[in-house]
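Peer 1: coords please:
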Amino acid sequence: MTSPRGSFEFLVPRHVIELSQPLLAEPGLGGYEAVVVWVGRMRGEKSVDIVEVIRPAQIAKRSSIGCSVEIPPESLTELIRVLEVGCFVAARLHTHPTEAYHSELDDTNMLISHVGAISIVVPFFARDPIVLERCSVNELTGDEGWVELPADEVQERFRVHD
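Peer 2: Numbering: from 1, shown residues only. Modelled structure (predicted):
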């Protein structure tokens, strides 16, 4: 099976990014990671319109070995239940306390697991406005697993608009 890398363009309203930042940053004030999802709807065969940001109920943990955040099964069920017909979870955004990278734990998180899914790691608990090229933007491929996209590809495939 070949990977569909680069097969989708994401049309992201600026207000979705602006709404995502405080939802992610608030738990970070206490030293906790957070998750939001971007809900999308297909536009033709190659484009995804991001239509909404949702912060599902989640459990954040912090210990001497690090931070993590999980979406319990009942929260995932509720998230799926509230999605409008034709919509799907296109991207998961979550924070890390330091630099942005896709960790081993991130690789196994099954909140999203469809080929073409996007996982965006926002650095420094999202203290600053979200700039996608400064995040770790990863795509789930069919044969390589999660692959980090280079900044120029992020800029090309994620069209932020007003």
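
Peer 1: could you export the lowest-mean-pLDDT helix or strand in the chain as PDB, CA atoms only?
Peer 2: None of the helices or strands of the chain scores lower by mean pLDDT, DSSP states H and E than helix 104-108, at a mean of 80. C-alpha atoms of helix 104-108 as PDB (Å, rounded to 0.1, in the frame of the first residue of the first chain):
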ATOM      1  CA  GLU A 104       6.100   7.400  21.300                       C
ATOM      2  CA  LEU A 105       2.900   7.900  23.400                       C
ATOM      3  CA  ASP A 106       1.500  10.300  20.800                       C
ATOM      4  CA  ASP A 107       2.100   7.600  18.200                       C
ATOM      5  CA  THR A 108       0.000   5.100  20.100                       C
END
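
Peer 1: what mean pLDDT does the following helix or strand past that helix have?
Peer 2: Scanning forward in sequence from helix 104-108 by DSSP states H and E, the next helix or strand is strand 118-122. Averaged over strand 118-122, pLDDT sits at 96.

Peer 1: contacts for strand 118-122 next, please.
Peer 2: Identification of contacts with strand 118-122 by Cβ atoms under 8 Å, 6 or more residues apart in numbering yields 10, 24, 38, 90-96, 100-102, 106, 109, 112, 130, 132, 135-140, 146. All C-beta atoms are positioned from the backbone trio N, CA, C, and that covers glycine.

Peer 1: can you give the strand pairings for that strand, parallel or anti for each?
Peer 2: strand 87-95 (parallel), strand 136-141 (antiparallel) (DSSP bridges).

Peer 1: got any ranges where this structure has weak pLDDT?
Peer 2: In the predicted model, the chain carries pLDDT under 70 at residues 1-6, 110.

Peer 1: may I have the secondary structure class of I80?
Peer 2: For I80, the assignment made with DSSP: H, G, I helix; E, B strand; the rest coil gives helix.

Peer 1: so it versus Q58, what's the distance?
Peer 2: Relative to Q58, I80 is positioned 15 Å away (Cβ to Cβ, to the nearest Å).

Peer 1: sweet, I'm off.
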